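Peer 1: Sequence plus predicted model, see below.
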Amino acid sequence: MRPLWKPYPEVRGGVPEEYDAWRHALLDTLGSYCAYCESPVTNDTAVEHKAAKKEASQKSEGGFPHRQTDWVNLVVACGACNSAKGAHPDVQDARGVAQRGEDLYHAVMNHWAWPDFCPNPPRRQPYQPPKQQAYQLFSYEYSAQSQAMLRQRDLHLPESEEIEHAHFTRATDQLWVIPNERYISGLPQQDSARAKAKRTISTLKLNRHIEGDSKASDRRVRNRTTTYLNAVAALGDLENIVQRADYRLEDPRIKLMVEAITLEALASGFWSVWMFVFQDPLLTPLPETVWWELKNFNAGAGLAILTALFLTYPQGWNGLDASSRTIFPGTDVSEERLGFRPAF
Ligand SMILES: [Zn+2]
């Protein structure tokens, strides 16, 4: 998940009484990408409640309707994430993880991974959820898996009709969302961090993929995988150019290729997938690779290229506002949330 910097916007006339009235402020702040799956969103944009807004009924305790216009509880999501998540997490879900007496709304904010952080919560909504390492908590795995195999790994909670689907056990090569063990294993509370990652993946159904169902409207896994394969090809193209330019960053061919890849990433969305493909080769290259040679030539070059590709525009960066000069609008490019320091 892309780390999002979501400052509370000054609004004239006070807080809107309907959550929909936040739509433009959210899109202007976070950019036109789904906060969860990172698909581009165009017209099918949902103002999305992290803690469900559902009213209580005779059948269920509902969600948190009194929090439905809270800026800190809102992000933008695509139609697929909005409908996959449904009215969860609700009060019932929060009871599964909250200690007795703990505010259940706070439990939702703490026990699921959310991508956004609001540095200046409004005075009338004083609760500030913790700043979470949503980007570092998740990683990807390109492998052949079936929905049944993912369920066994707690990476997918299918609905009953999915289990009955004939293709439920067919494994296909896709880019699956998984907990980032490299990060999690270094944490003091790794069990709860891992559980949080899995809980979030399941609640959002980020790995739902029913192969062969021609009516399935959820194309998130498919689009994520296509983006991954395109990113791998783009990395290969960039390697070629860097080699031909004799590792000199000032070579205009490198600049042109970087710009072309940035534009492709902005159009395709899935910022975290692009980072997944490019981050390790550029920052921690393996011996005998193009990026290893580049590092020998110029130790900071990989970081400079990664920053120029997906993080910040070089000109006029003043370091004061974490999002105004970011390539993907709303990305929090602080070292704390990325896990490394961009080359400003
Ligand atoms: Zn989405």
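Peer 2: Structure's in. What do you need?
Peer 1: ok, for residue 198, nearest residue in space, not its chain neighbours?
Peer 2: What sits nearest to residue 198 in space, not counting adjacent residues and going by C-beta to C-beta, 6 or more residues apart in numbering, is residue 154, at 4.6 Å. C-beta coordinates here come from the backbone N, C-alpha and C atoms, glycine included.
Peer 1: can you check residue 282 too?
Peer 2: Nearest residue to residue 282, sequence neighbours excluded (C-beta to C-beta, 6+ apart): residue 302, at 3.7 Å.
Peer 1: Check the spacing between the residue lying closest to residue 35 once chain neighbours are set aside and residue 114 real quick.
Peer 2: Take residue 35 and drop its neighbours on the chain: the residue closest to it by C-beta to C-beta, 6+ apart is residue 75, 3.7 Å away. Remark: distance between residue 75 and residue 114 (C-beta to C-beta, to the nearest Å) = 8 Å.
Peer 1: okay, and the common contacts of those two?
Peer 2: Residues touching both residue 75 and residue 114 (C-beta atoms under 8 Å, 6 or more residues apart in numbering): residue 50.
Peer 1: how many other residues sit next to the residue nearest to residue 198?
Peer 2: When neighbours are counted by other C-beta atoms under 10 Å, residue 154 registers 15.
Peer 1: Distance check, it against the ion.
Peer 2: 21 Å (C-beta to the ion, to the nearest Å).
Peer 1: So that residue belongs to a helix, correct?
Peer 2: No. According to DSSP: H, G, I helix; E, B strand; the rest coil, residue 154 belongs to no helix; its state is coil.
Peer 1: Quick check on it: phi, psi?
Peer 2: Per-residue torsions, residue 154: phi 60, psi 30 (degrees, to the nearest 10).
Peer 1: hang on, isn't it packed against residue 196?
Peer 2: No. Contact criterion C-beta atoms under 8 Å: residue 154 and residue 196 do not qualify, at 11.7 Å.
Peer 1: Can you report how many residues lie near the closest residue to residue 18 other than its chain neighbours?
Peer 2: Excluding the flanking residues, the one nearest residue 18 by C-beta to C-beta, 6+ apart is residue 69, at 6.9 Å. Residues lying near residue 69 (other C-beta under 10 Å) number 20.
Peer 1: in which helix or strand would I find the residue nearest to residue 291 when sequence neighbours are not counted?
Peer 2: Distances taken as C-beta to C-beta, 6+ apart place residue 285 nearest to residue 291, at 3.5 Å, with adjacent residues excluded. If you go by DSSP states H and E, residue 285 is not part of any helix or strand.
Peer 1: lowest confidence element among the helices and strands of the protein?
Peer 2: helix 160-164 (a mean of 85; mean pLDDT, DSSP states H and E).
Peer 1: Could I get the phi/psi values of residue 331?
Peer 2: phi -70, psi 130.
Peer 1: ok, now residue 76?
Peer 2: phi -110, psi 140.
Peer 1: Settle this for me: it is touching residue 27, isn't it.
Peer 2: Yes. With contacts counted by C-beta under 8 Å, residue 76 reaches residue 27, the gap being 5.9 Å.
Peer 1: what sits in contact with each of these two?
Peer 2: Shared contacts of residue 76 and residue 27 (C-beta under 8 Å, 6+ apart): residue 45.
Peer 1: Looking at those two, which has the bigger crowd around it?
Peer 2: Higher neighbour count among residue 76 and residue 27: residue 76, with 26 against 17, using other C-beta under 10 Å.
Peer 1: what separates the more buried one from residue 2, distance-wise?
Peer 2: In terms of C-beta to C-beta, residue 76 sits 12 Å off from residue 2.
Peer 1: cool, and residue 36?
Peer 2: Taking C-beta to C-beta, one finds residue 36 at 10 Å from residue 2.
Peer 1: And residue 80, by the same measure?
Peer 2: Relative to residue 2, and taking C-beta to C-beta, residue 80 is found at 17 Å.
Peer 1: low-confidence ranges in this structure?
Peer 2: Applying pLDDT under 70 to the chain flags residues 13-14, 99-102, 126, 314-324.
Peer 1: which residues sit against stretch 24-37?
Peer 2: In contact with stretch 24-37 (C-beta under 8 Å, 6+ apart) are residues 1-2, 4, 6-7, 9, 11, 39-42, 45, 47-48, 74-78, 80-81, 85, 115-116, 204, 206, 220, 224, 269-271, 323, 328-331.
Peer 1: Just the buried ones among these, please.
Peer 2: 1-2, 4, 6-7, 39, 41, 45, 47-48, 74-78, 80-81, 85, 115-116, 204, 206, 220, 224, 269-271, 323, 328-331 (16 or more other C-beta atoms under 10 Å).
Peer 1: Contacting the ion as well, which ones from the residues you listed?
Peer 2: 39, 78, 81 (C-beta under 5 Å from the ion).
Peer 1: so can I have CSV of those residues showing secondary structure?
Peer 2: As requested, these are exported to CSV (three-state DSSP):
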residue, secondary structure
39, coil
78, strand
81, helix
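Peer 1: Contacts for whichever helix or strand residue 236 is part of next, please.
Peer 2: When elements are assigned from DSSP H and E, residue 236 belongs to helix 220-244. Helix 220-244 has contacts (C-beta under 8 Å, 6+ apart) with 37, 39, 78, 80-81, 140, 142, 173-176, 206-209, 253-254, 257-258, 261, 264-265, 268-270, 273-274, 276-278, 281, 289-291, 293-294, 305.
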